[in-house]
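>>> The amino acid sequence is not available; the structure is as follows:
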Ligand SMILES: NC(=O)C1=CN([C@@H]2O[C@H](COP(=O)(O)OP(=O)(O)OC[C@H]3O[C@@H](n4cnc5c(N)ncnc54)[C@H](OP(=O)(O)O)[C@@H]3O)[C@@H](O)[C@H]2O)C=CC1
Ligand SMILES: C[C@H]1O[C@H](OP(=O)(O)OP(=O)(O)OC[C@H]2O[C@@H](n3cnc4c(=O)[nH]c(N)nc43)[C@H](O)[C@@H]2O)[C@@H](O)[C@@H](O)C1=O
């Protein structure tokens, strides 16, 4: 894999999705780099609006792009808002990738997701297993949109010589996560639910599914550090998985969250809720070879994530 060092110093760096969990972690991480940070609010430029995106890019012409903007959510959000997930994410990828090419961006990183891999692909999930089998139905629209973005970045590298790279993150968590009771991912959902149960003195907390699926979790500031590392050191068509290299059952994970939050009641399972993919553990050997490893343990990450949640915890459980 070609790994010429790409110089960020002095460059204009656009973080698409800068207000989101990953985007805000990228903004924190890039504060340690000598770059000209570029952001634009969604109210000013809706990245689903091609004309608005093309006009903005022609004016600003960012040299480097982290494409972290997307419509994102947990298993129920993906399974219920299927049209929104495919439309928004195809539109955002197509508009930003094309505009970056049209306006001479020197480098772009597209953020895919571990859900692009087949539901039953061999574990740990290797990057070359993409498109080798059926997807997990609950997030197929989102996964198809992400695969389209990946293929677009690859095609622009092939036809136009664009230095556009694709990274596949595992499940992420940390400050700035989405804590919506129904639409969030499991980490944010359980942090909130165990916190509210502790405050209310509830005797039991419900966890979705059977508790048997396994998931890998990466703290979002580690993710941002990996993204900056790869932007500087990686330049090729092959996908790069970004993960911690360790997975845990949802049942065991729930017990870890309860311990971090300080909840001592019972845990029950609502099997009417979907389990989704049985296991999602990424093969991170390419990332390791490129000189990066995660440094935040799950326990330490959850403590930091819980502290961040407590700073924004809604007053009523209905918010
Ligand atoms: N969270 C996770 O576990 C994982 C995330 N990823 C990927 O990482 C990236 C970031 O995810 P994450 O930070 O968790 O998501 P968030 O939902 O926290 O952030 C997404 C960001 O995208 C912006 N956005 C969404 N739609 C539009 C639009 N039409 N126009 C402009 N901006 C828009 C949002 O803006 P606003 O806040 O103003 O609405 C928000 O800032 C995504 O590409 C996601 O697919 C991949 C694997 C796992
Ligand atoms: C990153 C990845 O994230 C999504 O895939 P997912 O990993 O299945 O998402 P999830 O975090 O919502 O669930 C993980 C597991 O956890 C269990 N679970 C228990 N209790 C709650 C709970 O209260 N909420 C949620 N959401 N899940 C719960 C849940 O039943 C499932 O078994 C993709 O849609 C897509 O967005 C994507 O790319």
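Received, thanks. Owing to the predicted nature of the structure, the values given are computational and were not obtained by experimental measurement. Numbers count the residues shown, from 1 in each chain. Ligands and ions are numbered 1, 2, ... in the order given.
>>> Please make it C-alpha for all contacts and neighbour counts, starting now.
Will do.
>>> Which residues of the chain lie near ligand 1?
17-23, 42, 46-48, 68-72, 111-114, 169-172, 177 (Cα under 6 Å from any ligand atom).
>>> of those residues, buried ones?
Neighbour-count burial (16 or more other Cα atoms under 10 Å) is assigned, among the residues of the chain next to ligand 1, to 17-23, 47-48, 68-72, 111-114, 169-172, 177.
>>> Give me the subset of the residues you listed lying in strands.
111, 169, 171-172 (DSSP state E).
>>> CSV for those residues, including pLDDT?
Shown next, in CSV, are those (pLDDT from 0 to 100):
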residue, pLDDT
111, 98
169, 98
171, 98
172, 98
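>>> among the residues you listed, which are within reach of ligand 2?
Near ligand 2, judged by Cα under 6 Å from any ligand atom, the entries from those are residue 171.
>>> Helices of the stretch 51-200 of the chain, start to end?
Using DSSP state H, counting those that start in this stretch, the helices of the stretch 51-200 of the chain run over 75-80, 82-102, 140-160, 186-200.
>>> As TSV, the ones you listed with distance to residue 280, mean pLDDT and mean neighbour count would be great.
Listed next are the helices of the stretch 51-200 of the chain as TSV, based on distance: least, Cα to Cα, whole Å; pLDDT from 0 to 100; neighbours: other Cα atoms under 10 Å:
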stretch	distance to residue 280	mean pLDDT	mean neighbour count
helix 75-80	13	98	19
helix 82-102	20	98	20
helix 140-160	14	98	20
helix 186-200	14	98	21
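>>> Out of these, the one nearest residue 32 is which?
helix 82-102 (24.2 Å; Cα to Cα).
>>> Residue 272 is in contact with residue 207, isn't it?
No. Contact between residue 272 and residue 207 fails when scored by Cα atoms under 8 Å: they sit 10.7 Å apart.
>>> The two: which has the busier surroundings?
residue 207 (21 against 9; other Cα atoms under 10 Å).
>>> That one belongs to a strand, doesn't it?
Yes. Residue state for residue 207 (DSSP: H, G, I helix; E, B strand; the rest coil) corresponds to a strand.
>>> still on that earlier bit, okay, the helices of the stretch 51-200 of the chain in CSV with distance to residue 309 next?
Shown next, in CSV, are these (distance: least, Cα to Cα, whole Å):
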stretch, distance to residue 309
helix 75-80, 20
helix 82-102, 26
helix 140-160, 26
helix 186-200, 8
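>>> can you list the residues of the stretch 51-200 of the chain near ligand 2?
Checking the stretch 51-200 of the chain against ligand 2 by Cα under 6 Å from any ligand atom, the hits are 72-75, 78, 113-115, 139, 170-171, 184-186, 189-190.
>>> what's stretch 253-266 in contact with?
With Cα atoms under 8 Å, 6 or more residues apart in numbering as the test, stretch 253-266 has contacts from 190-191, 194-195, 197-198, 202-205, 207, 299, 302-303, 306.
>>> no no, stretch 17-32
15-16, 37, 39, 67-70, 173-178, 220-221, 223-225, 228.
>>> Buried residues, stretch 132-141. List them.
With burial defined by 16+ other Cα under 10 Å, the residues of stretch 132-141 counted as buried are 135-136, 138-141.
>>> so can I have a markdown table of those showing distance to residue 247?
Shown next, in a markdown table, are those (distance: Cα to Cα, whole Å):
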| residue | distance to residue 247 |
| --- | --- |
| 135 | 20 |
| 136 | 18 |
| 138 | 20 |
| 139 | 20 |
| 140 | 22 |
| 141 | 25 |
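>>> hang on, the earlier thing: can you select the buried ones among the contacts of stretch 17-32 for me in PyMOL?
Here is the PyMOL command that selects only those of these that count as buried (16+ other Cα under 10 Å):
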select buried, resi 15+16+37+39+67+68+69+70+173+174+175+176+177+178+220+221+223+224+225+228
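>>> quick revisit: which of the buried residues of stretch 132-141 sits closest to ligand 2?
When the buried residues of stretch 132-141 are compared for distance to ligand 2 (Cα to the nearest ligand atom), residue 139 comes out closest, at 4.9 Å.
>>> and that closest one, what does it touch?
Residues in contact with residue 139 (Cα under 8 Å, 6+ apart) are 75, 78-79, 82, 115.
>>> same question, residue 274
Counting by Cα under 8 Å, 6+ apart, the residues that residue 274 touches are 75-76, 208-209.
>>> What of residue 207?
The neighbours of residue 207, taking Cα under 8 Å, 6+ apart as the test, are 190, 254, 267-270.
>>> Now that we have the residues you listed, which of them are buried?
Using 16+ other Cα under 10 Å, the buried ones in the contacts of residue 207 are 190, 254, 267.
>>> Check those residues against ligand 2 and report the nearest one.
For the buried ones among the contacts of residue 207, the minimum distance to ligand 2 (Cα to the nearest ligand atom) is 5.6 Å, reached by residue 190.
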